[in-house]
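1. Next one to model:
(2 chains)
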There are 2 protein chains.
Amino acid sequence: MQLKDVGEFNFIRQIQDNTIYNPNTVVYGIGDDCAIYKAEQNTEQLISTDTMVEGVHFSFHYMMPYDVGYRLMTANLSDVAAMGGIPRQIVLSVAVPDHVDTVILDEIYRGIKDQCMRYQLNILGGDTVRTEGPMVWTVTIIGEVPKGTAVMRSGAKVGDVVGVTNYVGYAATGLGALSYNLVGYDMTKVGHQRPEPQIELGQKLRRLGIHSMNDISDGLGSELNEIAVASNVSIVFEEQAIPLHEETFALAKHLQTNPVDYALYGGEDFQLVFTAPKSLLSELEKLSGITLIGEVLSGPPRVQMVTPDKTIKTVEAKGYNHFHEG
Amino acid sequence: MQLKDVGEFNFIRQIQDNTIYNPNTVVYGIGDDCAIYKAEQNTEQLISTDTMVEGVHFSFHYMMPYDVGYRLMTANLSDVAAMGGIPRQIVLSVAVPDHVDTVILDEIYRGIKDQCMRYQLNILGGDTVRTEGPMVWTVTIIGEVPKGTAVMRSGAKVGDVVGVTNYVGYAATGLGALSYNLVGYDMTKVGHQRPEPQIELGQKLRRLGIHSMNDISDGLGSELNEIAVASNVSIVFEEQAIPLHEETFALAKHLQTNPVDYALYGGEDFQLVFTAPKSLLSELEKLSGITLIGEVLSGPPRVQMVTPDKTIKTVEAKGYNHFHEG
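-> Have a look, this model is predicted:
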């Protein structure tokens, strides 16, 4: 059935069920001109927005509609994780062409709602409108942190250690395996299709008192450069220290590529990279899923990698740009 | 110059200037994974989102790009006004085709920023992405009200008076004059192109303690029906009491249409309709721009209009639906 047959109002009514997963923070959900919610005392509010366009940010060739919704939420949740925040509320809007089958929309919403349930987020608003172009999904997320504790990119200090969570280059490995139509690579394929935001580790790191943090959405190279520039420091890390999954090594061998490139330039891992004072080393060691890869030095804002043969390479900020730079 | 020549990052850098119009509420604006802002103590937070698609919600035939941005903001601000709220923050995203001239984007942003400046809103986030389809703009707005004071649609009580702000059918008159290419109608043409949200009146009405409120975005008929259904009451109003502008009468005469239809079924006035206990009558009379048009009765949730010859007509909720109902 197509959206034009169901009607916008009827469709919106359907998706309004099951939108509140943490009623403590809500006064009134969807249904009036605005939703009403509570901010906890002695907190600061976090806000971020992300837009995904069919054919640009996702494709139904490699992803099921459910995964599109799931990953849209992960991208937003990851922005809150990168501040050490607690996710609270979202509003979402979709512009959709008349001919889209409502099963596809239902599946995307199912992916969104499953992530909302898992991370106890409420859906407090939505707008469903018609377009003649490809689908455009926008999610705005609200989170919170205790007052004064949000972890920013700009807080790195000379002498800090640099750490990352879990595996890096994981999603890019899965995407590579999918695009070459390779058998196997089951872990990293799921890593590409249903990446998880590091909400819990982000909060743990914030509570420890780390100095700076960023989520890895555009590759480790790009994110480390953002910290270096925002904090006006130099960052040096060891190539061999980067935690790569065995499937990354296998794919790199198969395609005769450099495994570390998946970590440096591959996008959408949604892991965290952070810097912390050395005084936290013993606390960091107690957390699982943390690998230390380098340190923060004084010097011009740049990122350098020490290779196994002790050569120093400058790592550029090759971020993914949805427009062609001139 | 087209967006693909400037590059997304450079364009975003340009529009990041002048985004903070009320620094008291902001900890950190655009530039990290999330922006950080403060919610005032003893308040509740309001949130709403609106999406406008080129060719569906706006057209450059009748509106300058500046006006598109201006009206996008008005639509969002009006949702906060309808709760009696104080607007605080927005995030916005745009999906835009490669070939769009950046002058058009600059002009749309200028319209957005002028409204942000006027109503002391901060722009705390933005996403600019590419699409192959028409432009899609999404704004999410955050507002606040003192705890427990948000004015909802569901609060109308039997015995309340029904009031509206300023003129109704005003924007529809301007749109009609523009689409028939008529000379004159200067006031209502501007009313269509640059409507204003009723932020100040909304807050004044909330402080008086009115019972229910809605903004008029889909015509007075639709909005009154929403209050009647949400509050489970009957609403009766006098056709002759509706405040119509002289240009509405002139256009109706010229086109041989019924002037009240512009108010009942014309959209995007962004005025307010509310119900209030009779005990507030003397306070309401002191406000300028308020007209009382009817009252709230017990009975099935419906809206009825008394015509000048004392006939009673049921007013249907003919809301604008961006999809064709089946």
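
2. What is the subsequent helix or strand relative to the helix or strand containing A:Gln45?
-> Element membership for A:Gln45, per DSSP states H and E: strand A:43-53. Beyond strand A:43-53 on the C-terminal side, the first helix or strand identified by DSSP H and E is helix A:65-81.

3. tell me the angle of that next one relative to strand A:43-53?
-> Counting by axes from the mean of the first three to the mean of the last three C-alpha atoms, to 10 degrees, helix A:65-81 lies at 150 degrees to strand A:43-53.

4. Please see if helix A:65-81 touches chain B.
-> Yes: applying C-beta under 8 Å from any C-beta of the partner chain, one finds helix A:65-81 touching chain B at A:78-80. Yep, even glycine has a C-beta here, placed from its N, CA and C like the rest.

5. neighbours around the closest residue to chain B within the stretch 101-250 of chain A, how many?
-> Residue nearest to chain B within the stretch 101-250 of chain A (C-beta to the nearest C-beta): A:Gly133, separated by 1.1 Å. Neighbour count for A:Gly133, taken as other C-beta atoms under 10 Å in any protein chain shown: 22.

6. How about it: what's its closest non-neighbour residue?
-> B:Gly133 (1.1 Å; C-beta to C-beta, 6 or more residues apart in numbering or on different chains).

7. Tell me the spatial nearest neighbour of A:Glu295, not counting adjacent residues.
-> Nearest non-adjacent residue to A:Glu295, counting by C-beta to C-beta, 6+ apart: A:Val161, 5.5 Å away.

8. my guess is A:Val151 contacts A:Gly84, does it?
-> Yes: at 4.4 Å, A:Val151 counts as touching A:Gly84 under the criterion of C-beta atoms under 8 Å.

9. hey, what's in contact with both of those two?
-> Shared contacts of A:Val151 and A:Gly84, defined by C-beta atoms under 8 Å, 6 or more residues apart in numbering or on different chains, are found at A:202, A:205-206, A:210, A:213.

10. any idea how far the closest residue to A:Arg207 other than its chain neighbours lies from B:Ile142?
-> Nearest non-adjacent residue to A:Arg207, counting by C-beta to C-beta, 6+ apart: A:Gly84, 7.6 Å away. Using C-beta to C-beta, to the nearest Å, we find A:Gly84 at a distance of 21 Å from B:Ile142.

11. which one of the two has more residues nearby?
-> B:Ile142 (31 against 28).

12. The more buried one reaches B:Ile47, doesn't it?
-> Yes: assessed by C-beta under 8 Å, B:Ile142 is found in contact with B:Ile47 at 5.6 Å.

13. shared neighbours of the two, anything?
-> Contacts common to B:Ile142 and B:Ile47, judged by C-beta under 8 Å, 6+ apart, are A:Ile142.

14. these two touch, right, the residue nearest to A:Gly133 and A:Arg130?
-> No: the pair B:Gly133 / A:Arg130 is not scored as a contact, 11.1 Å apart, by C-beta under 8 Å.

15. residues of stretch A:246-264 that come out buried?
-> Residues of stretch A:246-264 classed as buried by neighbour count (16 or more other C-beta atoms under 10 Å in any protein chain shown): A:247-248, A:250-252, A:259-260, A:262-264.

16. which among the residues of helix A:65-81 next to chain B gets closest to chain B?
-> Using C-beta to the nearest C-beta, A:Asp79 is the member of the residues of helix A:65-81 next to chain B that lies nearest chain B, at 4.3 Å.

17. neighbouring contacts of stretch A:96-113?
-> A:1-4, A:6, A:11, A:15, A:18-19, A:64-73, A:92, A:94, A:123, A:128-135, A:137, A:139, B:323-324.

18. got the CA coordinates for stretch A:188-205 in CSV?
-> Taking Å, rounded to 0.1, in the frame of the first residue of the first chain, the C-alpha atoms of stretch A:188-205 are listed here in CSV:
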residue,chain,number,x,y,z
THR,A,188,31.6,-6.3,10.3
LYS,A,189,28.7,-6.5,7.9
VAL,A,190,26.4,-6.2,10.9
GLY,A,191,28.8,-3.5,12.2
HIS,A,192,28.0,-1.5,9.1
GLN,A,193,24.3,-2.2,9.0
ARG,A,194,23.5,-1.9,12.7
PRO,A,195,26.2,0.1,14.4
GLU,A,196,25.7,0.8,18.1
PRO,A,197,26.4,4.2,19.8
GLN,A,198,28.7,4.1,22.8
ILE,A,199,26.3,5.7,25.2
GLU,A,200,27.4,3.7,28.2
LEU,A,201,31.1,4.1,27.7
GLY,A,202,30.6,7.8,26.9
GLN,A,203,29.0,8.4,30.3
LYS,A,204,31.6,6.3,32.1
LEU,A,205,34.4,8.3,30.5
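
19. helix/strand/coil for A:Ile141?
-> Recorded secondary structure, A:Ile141: strand (DSSP: H, G, I helix; E, B strand; the rest coil).

20. which residue packs closest to it, ignoring adjacent ones?
-> Per C-beta to C-beta, 6+ apart, closest to A:Ile141 is A:Asn76, 4.2 Å.

21. was I right about that neighbour contacting A:Trp137?
-> No: in this structure, A:Asn76 is not within contact of A:Trp137 by C-beta under 8 Å, at 10.5 Å.

22. you'd agree A:Gln198 is up against A:Asp269?
-> No: with contact defined as C-beta under 8 Å, A:Gln198 does not reach A:Asp269; the gap is 9.6 Å.

23. and these two? which has more neighbours close in?
-> Neighbours of A:Gln198 and A:Asp269, each counted by other C-beta under 10 Å, are more numerous for A:Asp269; the result is 31 against 25.

24. What's the separation between that one and chain B?
-> 14 Å (C-beta to the nearest C-beta, to the nearest Å).

25. same thing with A:Val315?
-> Using C-beta to the nearest C-beta, we find A:Val315 at a distance of 18 Å from chain B.

26. Once you drop chain neighbours, what's closest to A:Ser298?
-> A:Ser298's closest residue in space is A:Val158 (C-beta to C-beta, 6+ apart), at 4.7 Å.

27. Spit out the contact partners of the one you found.
-> Taking C-beta under 8 Å, 6+ apart, we find A:Val158 in contact with A:233, A:296-298.

28. Need the three-state assignment for it.
-> Of the three states, A:Val158 takes coil under three-state DSSP.

29. now it: how far from A:Val164?
-> From A:Val158 across to A:Val164, the span is 20 Å (C-beta to C-beta).

30. Could you tell me which residues within stretch A:103-119 count as buried?
-> For stretch A:103-119, by 16+ other C-beta under 10 Å, it's A:104-105, A:107-109, A:111-113, A:115-116, A:119.
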